[in-house]
Structure formats: structure tokens, C-alpha cells
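K.L.:
Make a model of this:
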Amino acid sequence: MYSGNKRKKLWREEKERLLKMTLEERRKEYLGDYVALKTIPTWMEDLKSKSESDGENAKEDLQGKKSLSEKVSLYRGDITLLEVDAIVNAGRWLNILVIVL
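P.N.:
Okay, the predicted model is just below:
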């Protein structure tokens, strides 16, 4: 086992190494598959795609919801595969994500 000071030093060195990397360099170090955030549509994008298939009635539903719906994405799947810096409070029934970019 490492002493407390040695662990802190190793952690800081690894953090600095990762912070210096580009996104593509970091992706090369992933051990498996991942889900890039840009592939997950925002709530607004999802509503727009559904409104195109549903017709004109859904367009009225989009009014007034833009501010939040353009910022929020809904994802159903294994959250450990998401390309995020942190997953916080991943409970059994409710998953809360904090994305630090």
C-alpha cells in the first residue's frame, strides 16, 4: 500500500496528465465502448423529430418549452458508458448525472 502522501501525489499526477490530453487522446485510453454526449438528442430535438412524424399538432406543444428542453437530454441505458467526467448519486430507481466538461 502507498502512504497517504504518495497516493495524493499519484492522484494529482494522473489528474494533470488527463487534463493535458485532448478528447481524442482520452478516447484512446477507454477500455470499452462509450456513448458520446453529442449522440444523445436534447429534449427539444427529440420533440421536433416526433412532431415531424406526428404532423402539425405537436408543433403547438413545442412553444414555451424551449429554454429547458434545449438544455436537457433524456438517456435510457447504462450510464457508466456515458462519456462524462462524473456520475453522481446513481440510485437504483433514479439516476442523477452531473456532467463536468
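K.L.:
wait, what's in contact with R76?
P.N.:
Residues near R76 by C-beta atoms under 8 Å, 6 or more residues apart in numbering: none. Quick note: C-beta positions are derived from backbone N, CA and C, even for glycine.
K.L.:
Helix, strand, or coil at it?
P.N.:
coil (DSSP: H, G, I helix; E, B strand; the rest coil).
K.L.:
now the strands for this structure?
P.N.:
Counting by DSSP state E, one finds strands in the chain at the ranges 87-90, 95-97.
K.L.:
hey, least reliable of those by pLDDT?
P.N.:
For the strands of the chain, mean pLDDT drops lowest on strand 95-97, to a mean of 53.
K.L.:
quick one: buried residues of whichever helix in the chain runs longest?
P.N.:
In the chain, assigned by DSSP state H, the helix with the most residues is helix 4-20. For helix 4-20, burial by neighbour count (16 or more other C-beta atoms under 10 Å) applies to no residue.
K.L.:
now stretch 21-35
P.N.:
V35.
K.L.:
what pLDDT, on average, does that stretch get?
P.N.:
What stretch 21-35 shows for mean pLDDT is 90.
K.L.:
Endpoints of it, how far apart?
P.N.:
19 Å (C-alpha to C-alpha, to the nearest Å).
K.L.:
got it, and stretch 25-43?
P.N.:
30 Å.
K.L.:
Off-centre distance for it?
P.N.:
8 Å (C-alpha atoms, centre = their mean, to the nearest Å).
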